[in-house]
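> The sequence and its predicted three-dimensional model are supplied below.
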Amino acid sequence: MNVLAQANEYPILSVFLTMLWFFLWVMWLMLLFWVFADIFRDDTLGGWAKAGWSVFVIILPFLGVFVYLVARGRGMGERQAALAQRKEEAFRAYVQQAAAEGRTGGGAAGPGAGADELTKLASLRDHGDLTEEEYQRAKAKVLAA
């Protein structure tokens, strides 16, 4: 008795096989999208190489993806790690910039903004977060604006 005949006799086995095929299909789609993302993310590939790999993966999807993984699989991980590192560095730079702007008052505009910034600067100086020299420089910037 084969598995398909058993699936008709036992509905739970039919559900299990259906879910198995569905999850395998989802995994296949994820792999396909990762390969396409890697093809276009790779700066070492020229335009014709990217087009060639794309056509190969579209025309013969299973063979194309597996050949790509064998030929360029190691580089996929390296490129992914480099991308994650660049994103982390950009995030850290943004946080440092935002913190520096927040410490000095950050460019708020509008009526009364200068007075609010001077109040913030004075409270930062009183709490010891700013030295007298930093306070005077920031105060001069606010008054000049």
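The structure has been received and is ready for your questions.
> Could you list the low-pLDDT ranges of this protein?
1-8, 102-113 (pLDDT under 70).
> For it, which helix extends over the most residues?
helix 61-104 (DSSP state H).
> Next SSE downstream of that one?
Counting by DSSP states H and E, the next helix or strand C-terminal to helix 61-104 is helix 113-126.
> Can you tell me which helices and strands that next one packs against?
Judged by 3 or more CB pairs under 8 Å, 6 or more residues apart in numbering; DSSP states H and E, helix 113-126 is in contact with helix 132-144. All C-beta spots, glycine's among them, are computed from the backbone N, C-alpha and C.
> pull the CA atoms of the helix it packs on into CSV?
C-alpha atoms of helix 132-144 as CSV (Å, rounded to 0.1, in the frame of the first residue of the first chain):
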residue,chain,number,x,y,z
GLU,A,132,31.0,76.1,31.0
GLU,A,133,33.0,76.3,27.7
GLU,A,134,30.5,73.9,25.9
TYR,A,135,27.6,75.9,27.3
GLN,A,136,29.0,79.2,26.1
ARG,A,137,29.6,77.8,22.6
ALA,A,138,26.1,76.3,22.3
LYS,A,139,24.6,79.6,23.7
ALA,A,140,26.4,81.6,21.1
LYS,A,141,25.1,79.3,18.3
VAL,A,142,21.5,79.6,19.7
LEU,A,143,21.7,83.4,19.9
ALA,A,144,23.3,83.7,16.4
